[in-house]
Every structure is written in structure tokens, then in C-alpha cells.
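In: what's the 3D shape of this:
(2 chains)
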Amino acid sequence: MSSPTQLSQSPAMTAVEFEFEGRRYKGFVARKGSDTWYHVDGRTWKETTNTRRRSSAGTSTLEDPGLVKAPMPGKIVKLMKAVGAEVKAGEVVVVMEAMKMEYTLKSASDGRITEIRCSVGEQVSLGTELVRLEINS
Amino acid sequence: MNMKDRRIQKLAIANRGEVAVRIIHACRELGIRTVLLHSEVDQATRAWRLADERVCIGPAPSAESYLNIEACVRGALAGGADAVHPGFGFLSENAAFARAVIDAGLIWVGPPADAIEAAGDKISAKKLVADAQAPTVPGYMGEDQRIETLVEQAARIGFPVIVKAAAGGGGRGMKVIRSRSEAPDLIASAQREGQAAFGSPVVFLEKYLDRAKHIEVQVFGDFTGEVSYLMERECSVQRRHQKIIEEALSPSLTPELRRAMGEAAVRLAEKAKYESAGTVEFLLQDDKFYFLEMNTRLQVEHPVTEMVLGVDLVKAQILNAARAFQVWPQESLQARGHSIECRIYAEDAYAGGLPSTGLLVGTHWPEGPGRRFEVGVEAGDEVTPFYDPMIAKVIVWDESRLRAIRKMQSVLADSVVMGVETNIPFLREMLAHPEFTEGRMTTQFVGQHFPEGLAGADYLARRHNDLTRAFANAAKAQASRVAGEAMGGSDPTRSVWSTPWRLM
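Out: Numbers count the residues shown, from 1 in each chain, chains lettered A, B, ... in the order given. Presented below is the predicted three-dimensional model:
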């Protein structure tokens, strides 16, 4: 059933030709859920219509500082703190692993841990709330 | 071992991704059928579609599939294979796996298990390196731990010197000494830290290589014991010991150094009774080279060697395993032109290299002369968080290094991956850096010049400018125009989002 030349040809990408400052460019566009992907002149980027999700570029500044969320899908490797523990801003709270690399998730502010919503070894998806803090005011 | 019938008719691949595809290509050319041993989540991959047969060997986590020796051997037997190729990573450097494969009556495509142990293990490799008279990083590991002795030894090694707690690790109890005057204080401090952190004040000294290049020699041994070296690759562009850009040959070697390193690597391989493809890694600083480690397998970056020498290392491995191969005579191996490889990682360069996973909605690799694309996933496939983030490799060849860099820039500019973020913009920034174009890069290159990848407003501004904004608007306008036409009933299949579009 498999043929040696069975290659997909990116059926979801569409070509768009357009002119800018006197030059013609050909780019591509594709849509996946709420994301629209663009490629032109050596650059690829996406725009997300659902404004509640953070954009791919840069880190979000509007996140709740009392929450530590999974910035990517992956596995929980280590929980550095227990419920009730005091943490300082920048202190490592959770260690995650994705694609064979470890990533440390830090607290955004000083506070006390009120809830841990994950366990070591658990596979979590992007945006999962892992740890909740009560922020020191 | 049965030496009579070594013909391979069906080969099992205990790996995934682009290297599985690479091995399938080699087998197809040799008229060998392939059985892909894959995990439960790896059905939507290119290797799965290309393999002649497939056997699922376990769940997604590699410990239960690709790293499970018993599952791999059983899978190979169930698939009716007579040989196993381990690819790279996973079990490729595991002597126990090599033995299990052979004990099951199968042919192991790789070095003998004893050679894997002798050359791959850090401790036994030390003895081998001494026997082969390959230089190692100069140091002092003596029992005499008096400060005066250590200062004398540091001066003998030559500053800068790094002092490390013998029981340590993770950077604690580690200091760089740049001159004799600061040596006594720093050594005493390292001893105190070692005592406090690890319960032992014993330290050792090593020459600190602060501007070393990573240069590795490709060797190949055939089953008769003949070993040749296939010149070197430079892989100085790496981050957290993960290589990103590799090239052949290195812009930093004189013919004399090349021969000295090549011959040292061959001596090492001969001492280990090495067979098949292997790589001897060195650090190079101030025209002196030091042994780092030996990798007893095919390397990710093997294509750049193939491009400049006109060889096929994977076919050679398979033919050697079938006892139907003679290594290329040393004098026949002459490099021509220059080759560069860029590893395409599914990660967000603008967010410090955070992994990016998800469904690939579209890819385009711009074909052309002197270009090679080793691709593991295609549109419609899922990039999962379970494995290495490398989804493809882009390799170019051209007549000179400068032309190869220019070609790579142009190829990367036209390479499209939609659905996950990639490091392509990061690769292009690195390729454009003068330290790289001039060939002066060291293993510190990424850390010094791109400590945060492309995180920062500067790079974001370069990604989003008037042109890209205008393009996005044009694309939206086209989408609504087509949608409008479709609403008018002219042709409902012509939605811009669903129209199959073939790249020329």
C-alpha cells in the first residue's frame, strides 16, 4: 500500500502574489484553527485570531502572576516546592521536559504556594495551570 | 558468528524521523526491504509511509519503545528482518543492544559491541587514547593537594587553567584561573567549595580552552580491519552541547593538521578494533588538538562528509555488515568544494528556543542543484513532544565556503514550515554573523553572540515590517475575494484555505 514516491504536497498552503514598493513577491498562507500562517521574503510567522492565546512571538506580559502554566506540552520532571512554601520571584518551581530538553519554570513574583495541580511524571498540554501562588503584597 | 551467509534481504530500522528515512533510501537503492520499528505515535511520519513494512514496538515514551532493547529485537524478528540498523541516538551506542541483536541471530549494522565499549566508554577510552598517542587536554590529577604544588602544576599546564572539584559537577567548585597571581586564592576557594558541597576538598586542574573549535574526524573501518579517515567536520556552532550548524571541511585546518588529526583518529579506531562508521571528536585551539570523545555510530551531520567526498556512508555501513565492502583507500579520499548542514529544530527562536509542537500544515523545501533535504515529517504530520525537536536537515554543497553560505541563506529563505515554529530565522542570523562567515567561530559562538536566541525587540522588528504587514493584508484580501466568489456560487471548491496548491 505504500508507494516510494508518496509525498504530500502541502495541500493546505496557498500561494499569494502581491506587489510592494514596485516589486512583486510570492508568498504562502495557510490556516490552522485560529492560527493563520504567512511566509514571504524569507520570513514565516503566524497570527492568532483568538486574542486570549498568547502570540508566538515573545513572552506574554498579561499573564496572571499568581499562576505557573506549562509554556509547552511536555512531562513534569520535578516539583521544587510543596504547598505552603514561600517562593521568591525568579525562583524555580517546576522542571519540565519536552523534546529531550529540560526547562525550568520560575515564579513571576514573591509569594506562597497554595495549590499544586500536577504530579511528577504527568504529561501536560500547553497552557495547563501547574502551580498557584498567593502573591505577597 | 556465521560468516557464510551474510546477505541482507530485509533490514529493521530501530529509529525514527529523518534518519529512518535516510536508511530507507539506502536500502531501497541496495534492493533491501525495510521494516520500520516505530512507537505508537509515530504512524503519521514520513518514514512510516516510506518503509516497506512496519512493526509497532511500544508506546510513545522512548524508554518503552525506541530505548527498549527487548521490544526492538522482538520487533525485528517479528518483521522477518535479518539485520538491524540503529540509526543515531536511542540505542545506537548501546553495546548490550548490539549483543542482543547478534544473539538473536541478526546482523548488527554498526561497530562490534566490544569496540563500542572500548571507544565509547569515557574511562576505557582514556586508556585507548593513551595507547594511540592522541593528545588529551593537559591537566593535573595528582594526590598532592598542597596549594604550592597545585600552583606549580597550573603554571606548567599554562594559563588559563580551570580548577574543578574532583567530586563535583554542575559548575560548583569550578574556577577559571587566568594568572599565577590569582591562582592560590582561587584554588583554596575551589577546595573549600568542594568540601562544602561534595564533602571532599580534592581538586584537579585542566587547561581551560576558552576559544576552542569543535572539529571531528570521520573514520570508517571495514570488516578486514582496514581503517581510513574521511577528513573532518567542524561543528563549533552549538548550544548547550547541541550542534546546530556543521560543515566540511573545517575552514581552520592546515593540510598538516588535517593529516595529524586524521591519523590520530585512525590509530584510535585501529586500537579499538573498530568497524563501520565512527567519529573521533577533538577540540582545537591555537593549532593544537585535544581528544574529546569517540562516537561509535553514524553522526547526524554525516551528509556534509558525503557531499564533499562523494561517498555514501549509510550504504557503506550496510554493505560492510553484509561483508561486501572494502574501505576507500586513504589516497582516494579527496575533498572537493564545501558543504554546510543546518539542523531545523521545531522551536520558537523568538522565545529563547522553547519547543514548538503541533500539526504541520505545510512545508516547502526549495529543490535545486547542490541542495539536499533530509526530512522526517510532512504536512499533515504531528510534531510531538516525545522526541528530539529536529524535524529536518538542510544540506548544501557549492564550490567554495562563501558560495555554500550564500546558497544556504537563499535556500533557508525559501524554506517554509507552517504549523510549528522553527529555528530557521535563528540559523539565518548565525550564518550572517561575521565571526561565522570568516570561519572564526568557536564553541562559545552562540553563548557569546546569541545568549537568548532571537529573543528581543530588534529581531522581532526584523520579522514584522511594512512588507510582511502588507503581505498579510494582501493574503486576507485574496481570501475574502475567493470566499466571495465561492458565495456567488461560481465554484464552491475554490476557497483559498482548501485549494490544493502544488509548488512548482
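In: mind giving me the domain split of chain B?
Out: Domains of chain B are assigned by automatic domain parsing as B:10-109, B:110-137+B:211-336, B:139-207, B:337-464, B:465-504.
In: Kindly report the same for chain A.
Out: Split into domains by automatic domain parsing, chain A comes to A:14-48, A:67-135.
In: Now mean pLDDT and distance to residue B:396 too, for those domains, in a markdown table please.
Out: All C-beta atoms are positioned from the backbone trio N, CA, C, and that covers glycine. A markdown table is the format used below for those (pLDDT from 0 to 100; distance: least, C-beta to C-beta, whole Å):
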| stretch | mean pLDDT | distance to residue B:396 |
| --- | --- | --- |
| domain A:14-48 | 92 | 16 |
| domain A:67-135 | 88 | 25 |
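In: Mind putting the ones you listed into CSV with distance to chain B and mean neighbour count?
Out: Listed next are these as CSV, based on distance: least, C-beta to the nearest C-beta, whole Å; neighbours: other C-beta atoms under 10 Å in any protein chain shown:
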stretch, distance to chain B, mean neighbour count
domain A:14-48, 3, 17
domain A:67-135, 4, 17
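In: coming back round to it: which one of the domains of chain B lies nearest to residue A:33?
Out: Closest approach to residue A:33 among the domains of chain B (C-beta to C-beta): domain B:337-464, 8.9 Å.
In: So for residue B:418, which of the domains of chain A sits nearest?
Out: For the domains of chain A, the distance to residue B:418 is smallest for domain A:14-48, at 3.8 Å, taking C-beta to C-beta.
In: now the end-to-end length of stretch B:301-317.
Out: The straight-line separation of the ends of stretch B:301-317 (C-alpha to C-alpha, to the nearest Å) is 15 Å.
In: Can you name the residues in contact with that stretch?
Out: B:22-23, B:25-26, B:29-30, B:85, B:109-110, B:218, B:220, B:230-231, B:233, B:235, B:243, B:246-249, B:276-277, B:298, B:325, B:327-328, B:333-341, B:372, B:374, B:393, B:395, B:397 (C-beta atoms under 8 Å, 6 or more residues apart in numbering or on different chains).
In: pLDDT (mean, whole number) over it?
Out: Mean pLDDT, taken over the full extent of stretch B:301-317, equals 98.
In: The residue nearest to the spatial centre of chain B: what's it in contact with?
Out: Nearest to the mean C-alpha position of chain B, by C-alpha atoms, centre = their mean, lies residue B:300 at 3.8 Å. Going by C-beta under 8 Å, 6+ apart, residue B:300 touches B:19, B:88, B:243, B:246, B:343, B:390, B:393.
In: of all those, which comes closest to residue B:419?
Out: Using C-beta to C-beta, residue B:390 comes nearest to residue B:419 of those, at 15.8 Å.
In: Confirm the residue nearest to the centre of chain B sits in a helix?
Out: No - using DSSP: H, G, I helix; E, B strand; the rest coil, the assignment for residue B:300 is coil, not a helix.
In: rewinding a little: would you tell me which of the domains of chain A gets closest to residue B:421?
Out: Closest of the domains of chain A to residue B:421 is domain A:14-48, at 7.9 Å (criterion: C-beta to C-beta).
In: chain center to that closest one: distance?
Out: 22 Å (C-alpha atoms, centre = their mean, to the nearest Å).
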